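Visitor: could you work out the structure for the sequence below:
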Amino acid sequence: MLVINDYPELKGIFWDWNDNEIDEETAFDLIEKRWAYIDQNHLTPVENDLLHKLADDYGHGYMLVA
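Guide: Numbering: from 1, shown residues only. Predicted coordinates:
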């Protein structure tokens, strides 16, 4: 489980999530779908590491974003 508040830039895309925690697979799905709302220039190193981990674990090393 991910604690949403630990990821300051990413937490904005979880605006409709009713809990402070989200499972990794669901987070990855929402990140892919809502990528356009993420300011990549404001991602922290921890968030970048998380994105790579999620892509490896749930996207076969890729994120499908537009």
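Visitor: which residue sits closest to D6, ignoring its sequence neighbours?
Guide: Nearest residue to D6 in three dimensions, chain neighbours excluded: V46, at 7.4 Å (C-beta to C-beta, 6 or more residues apart in numbering). C-beta here means a position set from N, CA and C on the backbone, and glycine is covered the same way.
Visitor: can you pull out the low-pLDDT segments for this structure?
Guide: Applying pLDDT under 70 to the chain picks out no residues at all.
Visitor: that one: strands as residue ranges?
Guide: Applying DSSP state E to the chain gives strands spanning 2-3, 21-22.
Visitor: pipe these into CSV and attach distance to L10 and mean neighbour count per row.
Guide: As requested, those are arranged in CSV below (distance: least, C-beta to C-beta, whole Å; neighbours: other C-beta atoms under 10 Å):
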stretch, distance to L10, mean neighbour count
strand 2-3, 9, 15
strand 21-22, 10, 16
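Visitor: with distance to Y37 added, can I get those in TSV?
Guide: Formatted as TSV, the strands of the chain follow (distance: least, C-beta to C-beta, whole Å):
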stretch	distance to Y37
strand 2-3	17
strand 21-22	16
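Visitor: nearest to L54, of those strands?
Guide: With C-beta to C-beta as the measure, strand 2-3 is the member of these nearest L54 (9.0 Å).
Visitor: which residues touch that closest one?
Guide: N20, E21, I22, D23, E24, A27, L50 (C-beta atoms under 8 Å, 6 or more residues apart in numbering).
Visitor: partners of that strand, with directions?
Guide: Strand 2-3 pairs in its sheet with strand 21-22 (antiparallel), by DSSP bridges.
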